[in-house]
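# Sequence isn't available, so here's the structure alone:
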């Protein structure tokens, strides 16, 4: 009887020891992440202290979440609400919103309208975050101390030209004391001022929008008007209706302009990964555009009213800037900035290199 009790006691001790060993083994297995299976009811959960990292298609770690806005507003010059170039094509086709969404940007509002100065007012008021205009409005607003950053070029060879009225002057030299209409604070304004200085001519420069300038030139109320080279109405007036072209900006390389994209400095500081997302989206749109020239020119014809055979003349794909900021673009900005300083059209000075967002 004593021997039986002692045996029973020993058996209980052995069972207890085996149970402890089993529990310790389970704990070790759990701490090591299970048996290596990813599916099934018996797969052990990862330890809360060391969660598993998600993996991509090639078992590479997925990048951490980008610091980008869920929504932002982009403005551009243009009364039709549609834009040319990589940006316009990218929003038209949906390529830009699609790529931005991959970075976490859920909505990009693209709006066209107004002039460069109008768009700057919207940026300064915080009604927009990113914008594309000619370089002169952006250089002037930055010189005035407004906090923007250059993030890219859309075009690095913007040409202006001078269109005269019928039966009026036929040369630039004859513009002494005459009236020239231009959108003040624009690329065309800088071109006109530079052209007059180059020819030692004094003329009356008035601020007037394009539609009013067309009408004023037709009535003979003004002697000349400076549009951009891509403007189809001016092209038609010159090529089909007999209005004389007094000068072309292409003959004065220092007076050629660029179109730039800028963003509010505060916006970029808040969302440091925005530029990466924007550049990726623009590059994708540009590559698609270049592969479909016929479709692109049909789109240009539709949004501008330019005949399909004229669209390649006024909006050549070759002039669309690459996404990377180019030395040619920077040099033309430098020439423009120096000119605005020399003519005392700018309110102050600033470091051009510091203006470029890296």
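Looks like it arrived, so ask away. Here the structure is a predicted model, which means the values were calculated and not measured.
# Look at residue 166 and say how many residues are nearby.
12 (other C-beta atoms under 10 Å). No exception for glycine: its C-beta is placed from N, CA and C like everyone else's.
# So it, which state does it fall into?
coil (DSSP: H, G, I helix; E, B strand; the rest coil).
# for it, what are its contacts?
Contacts for residue 166 (C-beta atoms under 8 Å, 6 or more residues apart in numbering) come out as 220, 242-244.
# Next: residue 332.
Each residue near residue 332 by C-beta under 8 Å, 6+ apart is listed here: 135, 156-157, 256-258.
# hmm, back to that, what subset of the contacts of residue 166 is buried?
Buried subset of these (neighbour count, 16 or more other C-beta atoms under 10 Å): 243-244.
# If we only consider the contacts of residue 166, which is nearest to residue 321?
Residue 321 has its nearest neighbour among the contacts of residue 166 in residue 243, at 30.2 Å by C-beta to C-beta.
# how would you label the closest one: helix, strand or coil?
coil.
# I'd like the distance between it and residue 76.
Distance check for residue 243 against residue 76: by C-beta to C-beta, to the nearest Å, it reads 28 Å.
# I'd say residue 262 and residue 139 touch.
No - checked against C-beta atoms under 8 Å, the pair residue 262 and residue 139 is beyond contact range at 10.2 Å.
# show me where the stretch 101-250 of the chain has helices.
Along the stretch 101-250 of the chain, counting by DSSP state H, counting those that start in this stretch, helices occupy 116-124, 135-143, 187-198, 210-219, 232-239.
# coming back round to it: for the contacts of residue 332, work out which two are farthest apart.
Spanning the widest gap among those are 135 and 157, at 11.4 Å by C-beta to C-beta.
# Give me the common contacts of these two.
258, 332.
# neighbour-wise, which of the two wins?
More neighbours surround residue 135 than the other of residue 135 and residue 157, with 27 against 20 (other C-beta under 10 Å).
# got the contacts of residue 332 as CSV, with distance to residue 200 and pLDDT columns?
Below are these laid out as CSV (distance: C-beta to C-beta, whole Å; pLDDT from 0 to 100):
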residue, distance to residue 200, pLDDT
135, 26, 93
156, 29, 94
157, 27, 92
256, 21, 92
257, 22, 92
258, 27, 95
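# centroid residue for the protein?
residue 261 (4.7 Å; C-alpha atoms, centre = their mean).
# Assign that residue to helix, strand or coil.
strand.
# can you offset everything so residue one is 12?
Done: numbering now begins at 12, and the last item shifts to residue 272.
# What's the separation between it and residue 98?
Residue 272 is 8 Å from residue 98, where distance means C-beta to C-beta.
# ok, back up a step: quick one: the residue nearest to the centre of the chain from residue 198, how far?
On the measure of C-beta to C-beta, residue 272 and residue 198 end up 15 Å apart.
# And residue 303, by the same measure?
According to C-beta to C-beta, residue 303 and residue 198 sit 29 Å apart.
# These two: which is more packed in?
Neighbours were counted for residue 303 and for residue 198 using other C-beta under 10 Å; residue 198 has more, 27 against 14.
# so the more buried one touches residue 239, yeah?
Yes - between residue 198 and residue 239 there is a contact under C-beta under 8 Å: 7.1 Å.
# Please enumerate the shared neighbours of those two.
By C-beta under 8 Å, 6+ apart, the residues touching both residue 198 and residue 239 are 169, 171.
# all strands of the stretch 262-369 of the chain, in order?
For the stretch 262-369 of the chain, the strands defined by DSSP state E, counting those that start in this stretch cover 268-275.
# so where is this structure shaky, pLDDT-wise?
Counting by pLDDT under 70, the chain contains low-confidence ranges at 12-75.
# Count the neighbours of residue 137 for me.
Residue 137 has 11 nearby residues by other C-beta under 10 Å.
# picking that back up, now do the shared contacts for residue 272 and residue 98.
Joint contacts of residue 272 and residue 98 (C-beta under 8 Å, 6+ apart) are 143, 165.
# picking that back up, residue 145 is in contact with the residue nearest to the centre of the chain, correct?
No - applying C-beta under 8 Å as the test, residue 272 and residue 145 come out as separate, 11.3 Å apart.
# helices and strands around the longest strand seen in the chain, which ones?
Counting by DSSP state E, the longest strand found in the chain is strand 159-169. If you count contacts as 3 or more C-beta pairs under 8 Å, 6 or more residues apart in numbering; DSSP states H and E, strand 159-169 packs onto helix 96-104, strand 141-145, helix 146-154, strand 268-275, helix 276-281, helix 285-302, helix 338-353, helix 363-366.
# buried residues in the fifth one?
If you call a residue buried by 16+ other C-beta under 10 Å, then helix 276-281 has these buried ones: 278-279.
# That one packs against which elements?
Judged by 3+ C-beta pairs under 8 Å, 6+ apart, helix 276-281 is in contact with strand 159-169, helix 285-302.
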